[in-house]
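> Sequence and predicted model, in that order:
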Amino acid sequence: MRQVFPSTRITTDTRSLPGIAFRMRPAPEKCVLCRQNTVRTERPERRNAKFRIFVPPDPTAPAPETMEKIKNVVFDLGGVLVDLDLNRCIAAFRTLGMDAEMIGRLEHGDITFHEACEEMRRLSGTPDVPDERIAWAYGEFLVTIPVAKLRQIEALRRRGIRTYVLSNNNPASMEFVRRMFTADGHDMEYYFDAVYLSYRMHELKPSEAIFRKMIAASGLEPAETLFIDDGSRNVDTAQALGFSIYMPAPQEDFGHLLESVGRS
């Protein structure tokens, strides 16, 4: 099958740690496309980054699509919609005498949450820590979902844009996430056409398999879809499959980008 190159790449400078990406310097507020597949930029000293656009290196790739052609938006959860605090999570596990082990197998859906807790108790030598306290420690990673972002998603849907979630996640954390989505009076399902979670799909980003399963289940066309994720490897995979991509900074308000989706 011929590989489809995405028409745009929208990203920011980051340095990754496990499970979270951090921006080290602001991306340009303005950008000018250049002929040699590079960008010439102006870099004002401002907290909120805008975006930079990379011309696809394949000279046979189609001309850059504009945001007006986007019909679908796929969101990651942690670091995109949900603000995160890794240090708070680490501190919570330390109060239990534990490390955040088993997260990979748990998010892949290989084991249940109780089985993960059993293994964590064994590894840390803390047999008396209940599942509920371990769930609390995982939940300390999750801070809040700004109501402004919920309303931005709602505005997309009013304009006929289809919205989705694709997230590496686990059952314990999702309990907290679902409660956060009620901050503006609606449940999580109100905001999305479908929610695709790694532990249910038995696949993890950045593998192509989880993207292909989402594409098959939803029927969306990558060329008409914007994928928003804070992980560089995740957006690289999405780009290789034909998605337009955006990688926000932690706690960034990217409403300026969502406002342009589907508009001429």
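Alright, I've got the coordinates.

> give the contact list for the closest residue to F211 other than its chain neighbours.
Take F211 and drop its neighbours on the chain: the residue closest to it by Cβ to Cβ, 6 or more residues apart in numbering is L241, 5.5 Å away. Every C-beta, even on glycine, is put in place using the N, C-alpha and C of the backbone. By Cβ atoms under 8 Å, 6 or more residues apart in numbering, the contact list for L241 reads 4, 208, 211-212, 215, 222.

> so who does the residue nearest to D76 when sequence neighbours are not counted touch?
Among residues not flanking D76 along the chain, D229 sits closest, at 4.1 Å (Cβ to Cβ, 6+ apart). With contact taken as Cβ under 8 Å, 6+ apart, D229 is in contact with 76, 79-80, 166, 205, 235, 238, 245, 247.

> Next, format these as a markdown table and append pLDDT, distance to R122 and secondary structure.
Below are the contacts of D229 laid out as a markdown table (pLDDT from 0 to 100; distance: Cβ to Cβ, whole Å; DSSP: H, G, I helix; E, B strand; the rest coil):
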| residue | pLDDT | distance to R122 | secondary structure |
| --- | --- | --- | --- |
| D76 | 98 | 32 | coil |
| G79 | 96 | 30 | coil |
| V80 | 97 | 34 | coil |
| L166 | 98 | 32 | strand |
| K205 | 98 | 28 | coil |
| V235 | 95 | 37 | helix |
| A238 | 97 | 37 | helix |
| I245 | 93 | 40 | strand |
| M247 | 93 | 37 | coil |
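
> circling back to that earlier point, now do the residue nearest to F211 against E252, distance only.
24 Å (Cβ to Cβ, to the nearest Å).

> And for H114?
36 Å.

> and these two? which has more neighbours close in?
Neighbours were counted for H114 and for E252 using other Cβ atoms under 10 Å; E252 has more, 20 against 11.

> Assumed the more buried one was part of a helix.
No. The assignment for E252, made by DSSP: H, G, I helix; E, B strand; the rest coil, is coil rather than a helix.

> how close does it get to L81?
Here E252 is placed at a distance of 11 Å from L81 (Cβ to Cβ).

> And stretch 227-247, what's buried?
Neighbour counts over stretch 227-247 (16 or more other Cβ atoms under 10 Å) mark 227-232, 234-247 as buried.

> Can you give me the end-to-end span of it?
In stretch 227-247, first residue to last residue: 9 Å (Cα to Cα, to the nearest Å).

> And stretch 249-260, by the same measure?
End-to-end distance of stretch 249-260: 19 Å, with Cα to Cα as the criterion.

> Ok, stretch 68-88 next?
Stretch 68-88 has an end-to-end distance of 40 Å (criterion: Cα to Cα).

> Please state the offset of that stretch from the chain centre?
When C-alpha coordinates are averaged (Cα atoms, centre = their mean, to the nearest Å), stretch 68-88 and its chain have centres 4 Å apart.

> That'll do, ta.
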